[in-house]
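Student: predicted model and sequence below, questions to follow.
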Amino acid sequence: MPYLEDSLAIQLSQHDMEVLLTATLDDSLTLLRATVLFAGWVKIRGIPVFVKGKAVKEAVQKGYVLGLTFPLDHLAYICFVPNPSMAEDFQAHIRLIYTQQYTYPFDKDIFNANVLIQGREVTYGENNNRQTGYLVTTDVYDNHKRVLYTNIQGILGQKRGVLGFLQKVFFFVPKTLNGLELTQGDLIIDAFINQTIENFEHEPRYRVTRR
């Protein structure tokens, strides 16, 4: 499946990302919530939108702290793809292409676990060259009562401590991350051991802030 080339799409710039992050900061939102709102904007316009990882990184380096969100290290592209054939509360497919597979260790004050970026190998176009990357995908739904990041593919979760050790040593101890749900301000993480972060959307450490 071709990515980024030979298709009509809107490309966001570093400045666009700074505007988005500033708006998220001004509205005291988490980036998970702001991403859903942006996916809704993409749905209304019906045109795919993408941004290069370099533009995201340079925008974040202007002094933003992102809280709890998908890892952005080694990111080549983020793509939002509308799909009018999906259910009414569907907003967009999100595709993240990473330049390498790696383990991202969250700050334990944010989330006491590691995230493993795996993803299936894909080829994408950049500057008239073919590049190899690793694809992570999720589907976003919003029915105004709850938000779902579901059908997550390419990301695994790894606990820390004894359970994390068992996951490393024993292949049969699962690391599956199935989905994320925002409901009544809480974040519910659907994994092989579910976790709820209460008051997630109201806790400053999970929101976008400035250094």
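Tutor: Structure's in. What do you need? Just so it is clear, the model here is predicted, and its values are computed rather than measured.
Student: who does the lengthiest strand in the chain touch, helix- and strand-wise?
Tutor: If you go by DSSP state E, the chain has its longest strand at strand 129-142. Using 3 or more CB pairs under 8 Å, 6 or more residues apart in numbering; DSSP states H and E, the elements in contact with strand 129-142 are helix 31-45, strand 75-81, strand 90-98, strand 120-126, strand 146-153. In short, each C-beta sits where N, CA and C put it, glycine included.
Student: in what helix or strand does the residue most central in space within the chain lie?
Tutor: Relative to the mean C-alpha position of the chain, the nearest C-alpha, by CA atoms, centre = their mean, is the one of Phe70, at 3.7 Å. Applying DSSP states H and E as the criterion places Phe70 outside every helix and strand.
Student: got the angle between the longest strand of the chain and strand 90-98?
Tutor: 150 degrees (axes from the mean of the first three to the mean of the last three CA atoms, to 10 degrees).
Student: give me the buried positions along strand 129-142.
Tutor: 131, 133-142 (16 or more other CB atoms under 10 Å).
Student: need the max-distance pair from these.
Tutor: Largest separation among the buried residues of strand 129-142 by CB to CB: Gln131 and Asp142, giving 32.1 Å.
Student: quick one: which of the helices and strands packed on strand 129-142 is nearest Asp16?
Tutor: Closest among the helices and strands packed on strand 129-142, using CB to CB: helix 31-45, at 10.5 Å.
Student: buried ones in stretch 194-206?
Tutor: Those buried within stretch 194-206 under the rule 16+ other CB under 10 Å are 197, 200-201, 203, 206.
Student: no further questions, thank you.
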